[in-house]
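Visitor: following is a predicted model, sequence given first.
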Amino acid sequence: MKNIPVAIVGGGLSGLYAAFLLEQKSIDYILLEARTTLGGRIVAGRSHEHLNSEHQSSEPPNSKTIKMEVTDSFDLGPSWFWPDFQQQLGYLIEELNLESFAQFEDGDMMVERSPNESPIRTQGYKSSPPSMRLKGGMAVLINALYSRLDSTRVLTGQIVRRLTNKDDYIELASEDSSGKIMTWQTQHVLLALPPRLAENSIEFTPALPKDMAAQWRETATWMAPHAKYFAVYDTPFWREQGLSGEARSALGPLNEIHDASIMGGSGALFGFLGVPAEVRQSVSEDVLKAHCRAQLERLFGAQADSPKMEYFKDWSQDPFTATTADANSDGQHASAPIAKATSGVWKECLTGIGSEWSQQFPGYTAGAIEAASFGVQNLPESPESMLQDKVSARSNLPSD
Ligand SMILES: Cc1cc2nc3c(=O)[nH]c(=O)nc-3n(C[C@H](O)[C@H](O)[C@H](O)COP(=O)(O)OP(=O)(O)OC[C@H]3O[C@@H](n4cnc5c(N)ncnc54)[C@H](O)[C@@H]3O)c2cc1C
């Protein structure tokens, strides 16, 4: 079996960016992604009327369909980035020639304070620095990175189940949807998934150092408890009334609403559900959507009651993002746990690079970029030479 210098577990932003950097350094790698699609928490919802014949479901697109249809997609995961202070991500977006624009915030906002009061219209405010969106949605970033990779090194539908430290190499076992197990030999594993999920869902032999495992387990996965709802309309009609599309509500089910319109395309509003994950589970998606539509009608008028398309994504129910602990957490940013063991057999051969491991921006897309580049920069000089070092260290041991 071929011994691959680096194996990346996860094909979200951090995993794909690590792959992009490894290719620049001419280091061989394999990337294994559990889902059938790339992007992880970056997921595009797109409208049926814009789909081409190869993709007729409301499922998130795979990387090939991202390539074909990028202009009318809605960010079911992250929407914003802040290049003014997230410079590494900002430079990458420039390098990849991706177009960005500021979140629409012109006009008044709506506020619902209590069940007994009608919604009030009040002066809106502008974020400073502005929250930026990518033209075509965040999926264009995933597509741009993937299109620069050797696609034969990127495998989807491979759930990594086990990492076994065999001293000279790591044996990695992955499982596909038919239950078929594949094994890989590698020198270094980059864990490009949330720390809590890695600790919870991958079996490590021997076990990870106790203090590191505890830190990973206690690190909340950012936004994992949340759900997003989108309503798509022909035009952003609220703008004609001088409204920004922004709203806050103490009533719900949406507690924070924003304009999500496509530049020169459909109008759209999106909101974060204020209803806790466990309560959401006791209600059907249709009922939740009906409540969201009724709320948008209260806030933005009768037109808001008839979206031409709706999207709903509950991240707390996605097993490749959230664990049970995430579903019940408050969703705050955790500080970054240690990314590498400081002693023991896992010390030089395993690094956490998912966004929660970022020192500066834990949980954010910018964090995925920071953690991935830190992980790649700090790989042992040559994973092959590491193998040689281990072999010679062992051959120097006295035989018994
Ligand atoms: C609703 C929501 C809104 C957000 N809004 C913003 C925002 O506005 N701005 C911002 O900066 N950030 C935002 N974020 C956070 C942002 O999405 C993340 O920081 C970023 O996408 C994380 O990338 P990642 O590669 O580190 O992890 P992920 O995107 O979680 O990727 C991990 C990958 O690993 C895969 N995987 C999991 N288990 C296995 C396994 N056993 N084997 C193989 N593969 C596995 C997963 O399928 C996934 O593809 C938001 C997130 C959500 C959910």
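Guide: Alright, I've got the coordinates.
Visitor: how close does Pro276 get to the ligand?
Guide: 15 Å (Cβ to the nearest ligand atom, to the nearest Å). C-beta here means a position set from N, CA and C on the backbone, and glycine is covered the same way.
Visitor: show me what contacts that residue?
Guide: The contact partners of Pro276, taken as Cβ atoms under 8 Å, 6 or more residues apart in numbering, are Pro225.
Visitor: can you give me the helices in this protein?
Guide: 13-24, 63-68, 87-95, 139-147, 195-201, 210-218, 237-240, 277-280, 285-300, 324-327, 365-377, 383-395 (DSSP state H).
Visitor: which outside residues touch the fourth one?
Guide: Residues outside helix 139-147 that contact it (Cβ under 8 Å, 6+ apart) are 13, 16-17, 19-20, 38-39, 42-44, 61, 63, 66-67, 70, 73, 75, 92-93, 96-98, 134, 154, 365.
Visitor: contacting the ligand as well, which ones from the residues you listed?
Guide: By Cβ under 6 Å from any ligand atom, the members of the contacts of helix 139-147 lying near the ligand are 13, 42, 365.
Visitor: how about the first one, what does it touch?
Guide: It stands for Leu13. 39-42, 141-142, 145, 355, 365, 368-369, 372.
Visitor: how about a cut-off of 10 Å?
Guide: By Cβ atoms under 10 Å, 6 or more residues apart in numbering, Leu13 lies in contact with 38-42, 77-78, 89, 92, 138, 141-142, 145, 192, 354-355, 364-369, 371-372.
Visitor: so for Glu69, what's the pLDDT?
Guide: Note on Glu69: pLDDT of 39.
Visitor: okay, now the domains of this protein?
Guide: 1-99+135-223+321-400, 105-133+225-317 (automatic domain parsing).
Visitor: least reliable of these going by mean pLDDT?
Guide: Ranked by mean pLDDT, the domains of the chain bottom out at domain 1-99+135-223+321-400, with a mean of 86.
Visitor: quick check, Gln187 in contact with Ile4.
Guide: Yes - between Gln187 and Ile4 a contact is recorded at 7.6 Å, counting by Cβ atoms under 10 Å.
Visitor: once you drop chain neighbours, what's closest to the residue nearest the centre of the chain?
Guide: Centroid-nearest residue in the chain: Arg41, 2.3 Å away (criterion: Cα atoms, centre = their mean). Spatially, and ignoring its direct neighbours in sequence, Arg41 is nearest to Gly77 (4.1 Å; Cβ to Cβ, 6 or more residues apart in numbering).
Visitor: cool, Ala268 as well?
Guide: Nearest to Ala268 is Ala260, by Cβ to Cβ, 6+ apart, at 4.1 Å.
Visitor: so what's the residue count around Ile42?
Guide: 26 (other Cβ atoms under 10 Å).
Visitor: and for Ile120?
Guide: Count around Ile120 with other Cβ under 10 Å applied: 11.
Visitor: is it true that it touches Ala250?
Guide: No - in this structure, Ile120 is not within contact of Ala250 by Cβ under 10 Å, at 11.8 Å.
Visitor: any idea how far the closest residue to Met309 other than its chain neighbours lies from Arg46?
Guide: Leaving aside its sequence neighbours, Met309 sits nearest to Val232 (Cβ to Cβ, 6+ apart; 4.0 Å). Per Cβ to Cβ, to the nearest Å, Val232 is found 10 Å from Arg46.
Visitor: now do the shared contacts for the two.
Guide: By Cβ under 10 Å, 6+ apart, the residues touching both Val232 and Arg46 are 72, 74, 309, 311.
Visitor: got a list of what the last one touches?
Guide: Taking Cβ under 10 Å, 6+ apart as the criterion, Tyr311 is in contact with 43-47, 58, 73-76, 228-232, 260, 268, 270, 289.
Visitor: try 7 Å this time
Guide: Contacts for Tyr311 (Cβ atoms under 7 Å, 6 or more residues apart in numbering) come out as 45, 74, 76, 230.
Visitor: of all those, which two lie farthest apart?
Guide: With Cβ to Cβ as the measure, no two of the contacts of Tyr311 lie farther apart than Leu76 and Phe230, at 7.4 Å.
Visitor: which of the two has more residues huddled nearby?
Guide: Set side by side, Leu76 and Phe230 show more neighbours around Leu76, with 26 against 21, by other Cβ under 10 Å.
Visitor: next one: the residue lying closest to the more buried one once chain neighbours are set aside from the ligand, what distance?
Guide: Nearest non-adjacent residue to Leu76, counting by Cβ to Cβ, 6+ apart: Lys313, 4.0 Å away. Going from Lys313 to the ligand by Cβ to the nearest ligand atom gives 7 Å.
Visitor: cool, and Ser282?
Guide: Distance from Ser282 to the ligand, by Cβ to the nearest ligand atom: 21 Å.
Visitor: need the longest strand for this structure.
Guide: strand 181-191 (DSSP state E).
Visitor: anything in it near the ligand?
Guide: No - residues of strand 181-191 contacting the ligand under Cβ under 6 Å from any ligand atom: none, with a closest distance of 8.7 Å.
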